[in-house]
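> Structure for this input, please:
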Amino acid sequence: MPDWLQIILRTFIAVTSLFIATKFLGKRQVSQLSFFEYITGISIGSIVAYTSLELQQKWYLGVVSLAVWVAIAFGMEMIQLKSKRLRTLIDGKETVLIKHGKILEENLKKERLTTDELLEQLRKKNVFLVSDVEFAMIEPSGDINVLLKKENQPLTPKHLGIKVGPEEEPQAVIMDGKILDEPLTKLGLNRDWLKTELEKIGVTSENVFLGQVDSYGQLYVDLYDDQIQVPQPQEKASLLATLKKCEADMEMFGLSTNHSDAKAMYEQCSRQLQKVIEDVKPLLIR
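Got it, this is the predicted structure:
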């Protein structure tokens, strides 16, 4: 068999083996790899390259070596899942670098981090003052996570005592100008509903690069032509405003009438509608 054909066959076998191995071991981002996993990845890649090009050696020996590496890596993962002590031994543990706004210099030296590198990582988290940080720690993966002091944390609806409705994953119903039926069905919608919504904003599906529907049934579109401004959905805000107007009208009717029974009826209806508004408001505020 010619050498070039052997290389093609060996490469095909090596790539197939590598694909199976990586699927078997699972997937992680490079930044999440432990030292052992990083070394395993390099070794497996080297074995695959060697198997592809070394014609003097039998190809199946490379596959055997690859299988052994994969078995060891998988075994280590299983052991780590069951033993916290071994996880700490193999992957290491997190180290606190900043505590109550103060840099822990000894821990910084232990992790072989310079002050410049620490400040760089903080800036990546949009933190520019060390004194703003309550805690910062470096994870075994090398990532630095930061907890800001209470007064420096972003304001959320929870801080204001406001309840908001739950958010679910938006569904892409139009992609590259084509309507996707499966996401529509998942939302309990159909093409007729989608065409009606598109008519409201004056576009056709062919002009839509991406169309998404949120968990409240509101359609958001991105057009091929970026110069065209598409109005944002206002159904929820409009519904909330209408309910508030009805509640205000009930109060006004109650104040304007002199009939005691009518006044009592309007006041009762106003209170009931106010309770309805309080119940649905979290769903209508994003």
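
> In terms of helix, strand or coil, where does the nearest residue to Val127 once chain neighbours are set aside fall?
Leaving out its chain neighbours, the residue that sits closest to Val127 by CB to CB, 6 or more residues apart in numbering is Val146, at 5.6 Å. From N, CA and C alone the C-beta is placed, and that goes for glycine too. The three-state assignment at Val146 reads strand, by DSSP: H, G, I helix; E, B strand; the rest coil.

> Likewise for Val173?
Three-state assignment for Val173 (three-state DSSP): strand.

> if we can go back for a sec, would you enumerate the residues in contact with the residue nearest to Val127?
Ile98, Leu122, Lys125, Val127, Val133, Phe135, Ala136 (CB atoms under 8 Å, 6 or more residues apart in numbering).

> Now do the residue nearest to the fifth one when sequence neighbours are not counted: how many residues are near it, please.
If you skip the residues right next to it in sequence, Val133 has Ile98 as its closest partner in space, 4.8 Å away by CB to CB, 6+ apart. With neighbours defined by other CB atoms under 10 Å, the count for Ile98 comes to 24.

> And Ile98, what's its pLDDT?
At Ile98, the model reports a pLDDT of 94.

> what does Val127 give?
On the pLDDT scale, Val127 gets 92.

> okay, now it: neighbour count?
For Val127, the neighbour count with other CB under 10 Å is 18.

> Can you show me the strands along the stretch 51-200 of the chain?
Applying DSSP state E, counting those that start in this stretch to the stretch 51-200 of the chain gives strands spanning 95-99, 102-103, 133-138, 144-148, 171-175, 178-179.

> most centrally placed residue in this structure?
Glu169 (9.9 Å; CA atoms, centre = their mean).

> among the helices and strands of this structure, which has the poorest mean pLDDT?
helix 3-25 (a mean of 70; mean pLDDT, DSSP states H and E).

> still on that earlier bit, which residue comes closest to the residue nearest to the centre of the chain once chain neighbours are left out?
Counting by CB to CB, 6+ apart, Glu169 lies nearest to Ser215, which is 7.7 Å off, once chain neighbours are set aside.

> Now the one you found, what are its backbone angles?
phi -70, psi -10 (degrees, to the nearest 10).

> what separates it from Glu197, distance-wise?
Between Ser215 and Glu197 the computed distance is 15 Å (CB to CB, to the nearest Å).

> Of those two, which one has the most company?
Neighbours were counted for Ser215 and for Glu197 using other CB under 10 Å; Glu197 has more, 20 against 14.

> show me the contacts for the more buried one.
Contacts for Glu197 (CB under 8 Å, 6+ apart) come out as Leu219.

> Same question for the one 10 residues further on.
Listed by CB under 8 Å, 6+ apart, the contact set of Asn207 reads Gly177, Leu223, Tyr224, Asp225.

> Assumed the last one was part of a strand.
Think Asp225. No: using three-state DSSP, the assignment for Asp225 is coil, not a strand.

> List the contacts of it.
Asn207.

> ok, it to Gln212 distance?
On the measure of CB to CB, Asp225 and Gln212 end up 18 Å apart.

> Ok, the first one next?
As for Gly177, its distance to Gln212 is 14 Å (criterion: CB to CB).

> swap in the third one?
Here the distance between Tyr224 and Gln212 works out to 16 Å (CB to CB).

> The two - which one has more neighbours?
Between Tyr224 and Gln212, counting by other CB under 10 Å, Gln212 is the more crowded of the two (17 against 13).

> Go over the secondary structure and confirm the more buried one is in a helix.
No: according to three-state DSSP, Gln212 belongs to no helix; its state is strand.

> Surely it and Pro170 touch.
Yes: in this structure, Gln212 is within contact of Pro170 by CB atoms under 8 Å, at 4.5 Å.

> No further questions, thank you.
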